[in-house]
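A.B. asks: From the sequence below, what's the structure:
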Amino acid sequence: QVQLVESGGGSMQPGGSLRLSCVGSGLNLRDYNVAWFRQAPGKAREPVACLWNNNSGTRYADSVKGRFTIARDPAKNMVVLQLNSLKPEDTAVYSCAASLYVGSTSWFLSSAYDYWGQGTQVTVPS
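C.D. replies: Here you go, the predicted model:
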């Protein structure tokens, strides 16, 4: 059974940092394209970052470029999202998603991903 489990969320002051983890079971995340999405209360889910499975790079939403970093830890079957310089508008539930096949022009679409975690809450008070 495939499962993705996120952890590392919490409350952090503006300007602070958090490190989110997405651990896979029942699948080898090295073979998958993995993305992080987030959903704030009352808002639609939005893409944050994507990491390609063939080491061909990453993609970031404009709102997080230069502040967030997505990376793979193959030894732990894990993908991490480092959140730096946090802002109140980063407050959301962050979820990881995985898929074997994601087109370069569709990484930002929720429908492109087959597996999802339950999410972890990130709160940055204003």
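
A.B. asks: How about the secondary structure of S111?
C.D. replies: When classified by DSSP: H, G, I helix; E, B strand; the rest coil, S111 comes out as helix.

A.B. asks: Centre of the chain to stretch 79-95, how far?
C.D. replies: For stretch 79-95, the gap between its own C-alpha mean and the chain's C-alpha mean amounts to 9 Å (Cα atoms, centre = their mean, to the nearest Å).

A.B. asks: Now for the spatially most central residue of the chain: which residues touch it?
C.D. replies: Centroid-nearest residue in the chain: W36, 2.1 Å away (criterion: Cα atoms, centre = their mean). The contact partners of W36, by Cβ atoms under 8 Å, 6 or more residues apart in numbering, come to 20, 22, 47-50, 70, 79, 81, 94-97. Using the backbone N, CA and C atoms, a C-beta is placed for each residue, glycine as well.

A.B. asks: same thing but 7 Å
C.D. replies: Taking Cβ atoms under 7 Å, 6 or more residues apart in numbering as the criterion, W36 is in contact with V48, A49, I70, L81, Y94, C96.

A.B. asks: where does it land in three-state SS?
C.D. replies: strand.

A.B. asks: which one is it nearest to, not counting chain neighbours?
C.D. replies: The shortest distance from W36 to any residue other than its chain neighbours is 4.3 Å, reached at V48 (Cβ to Cβ, 6 or more residues apart in numbering).

A.B. asks: Secondary structure element holding that neighbour?
C.D. replies: Using DSSP states H and E, V48 falls within strand 46-51.

A.B. asks: Can you show me the strands along the chain?
C.D. replies: Here the chain has its strands, by DSSP state E, at 3-7, 10-11, 18-25, 33-39, 46-51, 58-60, 68-73, 78-83, 92-99, 115-116, 120-123.

A.B. asks: Adding mean pLDDT and distance to W107, write those out as a markdown table.
C.D. replies: Below are the strands of the chain laid out as a markdown table (pLDDT from 0 to 100; distance: least, Cβ to Cβ, whole Å):
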| stretch | mean pLDDT | distance to W107 |
| --- | --- | --- |
| strand 3-7 | 98 | 17 |
| strand 10-11 | 98 | 27 |
| strand 18-25 | 98 | 16 |
| strand 33-39 | 97 | 6 |
| strand 46-51 | 97 | 4 |
| strand 58-60 | 95 | 5 |
| strand 68-73 | 95 | 11 |
| strand 78-83 | 97 | 14 |
| strand 92-99 | 98 | 9 |
| strand 115-116 | 98 | 15 |
| strand 120-123 | 98 | 21 |
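
A.B. asks: This completes my enquiry, with thanks.
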